[in-house]
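Student: Can you look at this prediction? I've put the sequence above it.
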Amino acid sequence: MTFNKIKTFIKDESGAAMVEYAVALLVVTGIGIGAMATIGENAGGLVGTACTGLETAASAGAGTC
């Protein structure tokens, strides 16, 4: 009787599917964080470039970016 329970436990793969979903979620989350970090760095550079351009164009006027 105990051996049958052990065999059933070994053949049960429902926990394995949950682990696979967790690993997939971690991979997708890592890719998302990496993409957002890259987009953030690029956006910061673009804003700096735009600010410099506005300061140059408005050098005759008052105010800074």
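Tutor: Received the coordinates, thanks. Numbering: from 1, shown residues only.

Student: From now on I want contacts and neighbour counts done on CA atoms only, so please keep to that.
Tutor: OK.

Student: Pull the distance from the host helix or strand of residue 6 to the chain's centre.
Tutor: Secondary structure assigned from DSSP states H and E places residue 6 in helix 2-11. When distances are taken as C-alpha atoms, centre = their mean, to the nearest Å, helix 2-11 is centred 40 Å away from the chain's centroid.

Student: and after that helix, which helix or strand comes next?
Tutor: helix 14-57.

Student: distance between that following helix and the chain's centre?
Tutor: 5 Å.

Student: quick one: average pLDDT of it?
Tutor: Mean pLDDT, helix 14-57: 87.

Student: Stretch 42-58: which residues count as buried?
Tutor: residue 55 (16 or more other C-alpha atoms under 10 Å).

Student: and it, C-alpha only, in PDB?
Tutor: Listed next in PDB are the C-alpha coordinates belonging to stretch 42-58 (Å, rounded to 0.1, in the frame of the first residue of the first chain):
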ATOM      1  CA  ASN A  42      17.600  56.100 -23.800                       C
ATOM      2  CA  ALA A  43      14.700  58.400 -22.800                       C
ATOM      3  CA  GLY A  44      17.000  60.200 -20.300                       C
ATOM      4  CA  GLY A  45      19.500  60.800 -23.100                       C
ATOM      5  CA  LEU A  46      16.900  62.100 -25.500                       C
ATOM      6  CA  VAL A  47      15.500  64.500 -22.900                       C
ATOM      7  CA  GLY A  48      19.000  65.800 -22.200                       C
ATOM      8  CA  THR A  49      19.600  66.300 -25.900                       C
ATOM      9  CA  ALA A  50      16.200  68.100 -26.300                       C
ATOM     10  CA  CYS A  51      17.000  70.300 -23.300                       C
ATOM     11  CA  THR A  52      20.400  71.300 -24.700                       C
ATOM     12  CA  GLY A  53      18.800  72.100 -28.100                       C
ATOM     13  CA  LEU A  54      16.100  74.300 -26.400                       C
ATOM     14  CA  GLU A  55      18.700  76.100 -24.400                       C
ATOM     15  CA  THR A  56      20.800  76.800 -27.500                       C
ATOM     16  CA  ALA A  57      17.800  78.000 -29.500                       C
ATOM     17  CA  ALA A  58      16.500  80.100 -26.600                       C
END
